Structure formats: structure tokens, C-alpha cells
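Participant: Predicted model, plus sequence, below.
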Amino acid sequence: MERQEQAAQDIFRNRVRLRHLYCFVAVSQTQHLGRAADRLGLTQPAVSKTLSELEELAGTRLLVRQRAVELTTAGTRFLQHALRVLADIDAAAGSVTGDEAHTHERIRLGALPSVVPAVLTDAVLRFRATYPEVGLEVRTGMNRNLIDQLKADVLDLVIGRMDDPVAMESLWFESLGPDSLVLAVHPGHALAKASRATLLDCLAWPLVIPATGSIPRHNTESLLARHGLRLPDGCVETSDAYLGRLLAEQSDCVWAAPMSATRRAMDEGALVALPIDTLGTEEPVGLLRHKDRTLTPMAEALADCIRAAAHPRCSASRPAASVSGHRLAVRARLDCRRGAAAEVLHHQRNGRQEGRTASRVKIVSKPSCRRSNSAPSNAPVMPPKRPMPSIHARRSRACVG
């Protein structure tokens, strides 16, 4: 058995060529045979043949050839080594030709469309003000696509969400905070003036909802299902936060979107959050990076700007620690529920017009580390707990008695 494995490894070492690696990396990064062929200057049949040769040498399937090419588990592991080999070859060529000293750094950042209005815009402005000479390439897309591009070394950093443990393999996730679902309308909307709007009331108006396949879309459908409802026909589906904001501001649409997408508009008073309980829709948003790649100092500086934009008040107090995505999958979802409901409630209260009696909201803030000194009027008043006397006090009392 060992001889057979050794023989297979010898065959792979002797027959594998750089064209196999370049072809495999191009297909992994573009996720399309045709686009990979255009990048390499080859025909699509030539690319397919080269991949078949590589898989025969490897003795296993590396790619799943569907409408969008996907990596297998073995392909994901092989991609890490292929990228490292090609990067070392490029570095060696640069050291010989002298091009290494003339390269200008460019950071590749991926982000969810929902974080563009708030976190991403502030982070880019902070970074450009300090490092105007560093190039910055920003791509937006669905969470799973961003994760695939991060694994394929198309992106250096991603502002995204947690995914299933298989997708999060080989990635680090650093939570930036919770992101819950919000139903937003313009201040003059009939639902904004209603004393108690419900989900059923929202379905009577045109809806703008997240795109199919996204985590916010899943949360939207789950929220309706918990109340025995489903999405009506004729909804506008988009992951573009700017389009969603314009539709909500300029029409009577109800915009169902993550808090990160609506926060800036609500802070400016252009939109208000309806007092509807969306507890249970919180999802952690954070920084994703590959655990086997070291970020450059400029990329780390960009990560600091993203943290500062996500937590403008407490960014300097304590840096967040990166944790393995597999280990954080459960813990982040539990922690993200703290404070998310309170943030939604804050925007709902601020959205009410002056002079109108504030209606009670069902959403209640999750308990945090700090205790509140004030209690609701209808809450039972509990007597204060007597402090436990020290052992010296107990002894003195015993002596006196």
C-alpha cells in the first residue's frame, strides 16, 4: 500500500507542469471554464483537457463542472498549495528582473451589499485619508461567492457573514456585531403613523426584499413563517442597498433589509423602522480572512479602519480577536443576539413623530453584561439581597451571642 502511494506521488511530481497549476487556479478564481480560457488565451476544450490531465495525475476529482464550477474538498486543499507555488514563482521572477521593487500594493476587499451604506463607506474614507497611495479594489456580492473568492485568493479580506462549517473551513471570522432584520418605510408612510403595525399589515403594501439565496432572504421568509404568513407575489427582490433605500424613500414600499443596510438612512431621518418584532433574525457580520495567509501591514490597517467604522464609539477600547470560523459558528450566533434587539428598538423609538403617543413595542432588549438601575413599572419590586457577612463578622457575632 505504501509503495503504491509512493509510486503515485512520484508520477505526480514527474508529470505535473506549471500549465496545470495556472489552468486550475484560473478556473478556481473565475468559476467558469470560458472565462478561464479567455484569461489564459486558450480554448475552452484545451482548458477542460488540462484539468482532466491534472485530476488524473492527482488521482481524485478536484472540480465539479456545473454551470458554475465549484471546488471539491480535495480541490480546496490543492488550491492552497497551487497558489503558494505560483506566488513563489512570481516572487522569484521579480527578484531576478528587478520588478519586485516597483510593485505598488493593492488590497482586494469583498463586502456584502448591505454593509456598503454604513460600514464600508466609512471604512474606505478612513483608509483613504491615511493611506492615499495604496490601491483598493472593492467587490460586492453574495456571501458564498465572496467566501469562494477569498479561498481562491481573489480577495484578501471580506466583510461577510458566518456560513456553514464546510464553507468556513480554512477561514478566520472576527465578529463586528449583530445584524438583525428591519422593516423600514419613509416617515410619512401610513404604517409609520399607525398605532400598532403588524406583519400582516406590511404584506398589504409593495415589498422590497433581499435577493433569493441570501441569508437576509432566508430570515425574512422564516420570520413570516413563524406568523403563518408567506411572501406575496410581485415583490421587488434586490441585494442593492442603494436601490432599496430609494424605493422606500420615494414610494410606499416596505423595505425588509438588514439593519446595516438601513442604518444610515434612519440616522438621517429619511426612513423609520416599523415597531415589529424581528427577534431571532440576528446574524453576525464580521471580517473574514484566510488562516494560512498573512495580511500585509496595509491590509491590517484597512481591517482596523473597518473595525473603527463598525464600532465608532468603542473601537479604541479593545481590539476584537479572530477565531476559527468552525469554532465560532455557534458562539457568534448566540452572542450576536445581545444588543441587536436594542438597536432596532432605538431606531423604532427615534422614528416616531413628535406629539404622537408612543405605542408599546414588543421587542425587548436582550440582557447585557450591565444591569439597568431602572425597572418597568409593572415589574414586581424585589427586595434587595442582603450581602453575605464575612467569616470574621460571623465569628464576632457568635462571640457576642
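Facilitator: Arrived safely.

Participant: Outline the domain layout of the chain.
Facilitator: Here the domain parsing of the chain from automatic domain parsing is 2-100, 102-178+284-335, 181-282+341-351.

Participant: For the protein, which residues score under the pLDDT cut-off?
Facilitator: Within the chain, the segments meeting pLDDT under 70 span 1, 98-103, 313-401.

Participant: Please enumerate the strands of it.
Facilitator: 63-64, 70-71, 106-111, 135-140, 157-161, 171-179, 181-185, 207-209, 236-237, 254-258, 272-273, 283-290, 323-324 (DSSP state E).

Participant: Pull up the gap between Leu157 and Leu120, please.
Facilitator: 11 Å (Cβ to Cβ, to the nearest Å). C-beta coordinates here come from the backbone N, C-alpha and C atoms, glycine included.

Participant: Find residues that contact each of the two.
Facilitator: The contact sets of Leu157 and Leu120 overlap at Ile306 (Cβ atoms under 8 Å, 6 or more residues apart in numbering).

Participant: what's the distance between the helix ranked longest in the chain and the middle of its chain?
Facilitator: Using DSSP state H, we find that the single longest helix of the chain is helix 73-97. Relative to its chain's centre, helix 73-97 lies at 27 Å (Cα atoms, centre = their mean, to the nearest Å).

Participant: what do you get for stretch 108-121?
Facilitator: 9 Å.

Participant: Residues touching that stretch, excluding its own?
Facilitator: With contact meaning Cβ under 8 Å, 6+ apart, stretch 108-121 is reached by 136-141, 143, 146, 149-150, 154-161, 176, 179, 216, 239-242, 245, 257-258, 260-265, 285, 302, 306, 309-310.

Participant: returning to what we had before: let's have the domains of the chain in CSV, adding mean neighbour count.
Facilitator: Below are those laid out as CSV (neighbours: other Cβ atoms under 10 Å):
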stretch, mean neighbour count
domain 2-100, 15
domain 102-178+284-335, 18
domain 181-282+341-351, 18
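
Participant: In this protein, which residue is most central in space?
Facilitator: Gly160 (1.7 Å; Cα atoms, centre = their mean).

Participant: OK, contacts around His104?
Facilitator: With the criterion set at Cβ under 8 Å, 6+ apart, His104 makes contact with 133-135.

Participant: With distance to Arg17 as new columns, can those residues be given to me in a markdown table?
Facilitator: Listed next are the contacts of His104 as a markdown table, based on distance: Cβ to Cβ, whole Å:
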| residue | distance to Arg17 |
| --- | --- |
| Glu133 | 38 |
| Val134 | 35 |
| Gly135 | 32 |
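
Participant: Among these, which one lies nearest to Gly59?
Facilitator: When the contacts of His104 are compared for distance to Gly59 (Cβ to Cβ), Gly135 comes out closest, at 40.6 Å.

Participant: Dig out what that closest one forms beta bridges with.
Facilitator: When assigned by DSSP bridges, Gly135 has beta-bridge partners Arg106.

Participant: Look up how far Arg128 lies from it.
Facilitator: Distance from Gly135 to Arg128, by Cβ to Cβ: 11 Å.

Participant: follow-up on the earlier one: and the strands of the chain as CSV, adding distance to Arg13?
Facilitator: What follows is the strands of the chain, written out as CSV (distance: least, Cβ to Cβ, whole Å):
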stretch, distance to Arg13
strand 63-64, 21
strand 70-71, 22
strand 106-111, 32
strand 135-140, 36
strand 157-161, 34
strand 171-179, 29
strand 181-185, 53
strand 207-209, 53
strand 236-237, 50
strand 254-258, 49
strand 272-273, 61
strand 283-290, 26
strand 323-324, 32
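
Participant: These: which one's closest to Met298?
Facilitator: Here strand 106-111 is closest among the strands of the chain (Cβ to Cβ), at 6.1 Å.

Participant: how distant is the closest one from the center of its chain?
Facilitator: 14 Å.

Participant: same deal with stretch 114-129?
Facilitator: The chain centroid and the centroid of stretch 114-129 are separated by 15 Å under Cα atoms, centre = their mean.

Participant: Quick one: end-to-end length of that stretch, please.
Facilitator: 23 Å (Cα to Cα, to the nearest Å).

Participant: same question, stretch 181-190
Facilitator: End-to-end distance (Cα to Cα), stretch 181-190: 20 Å.

Participant: Right, I'll call it a day here.
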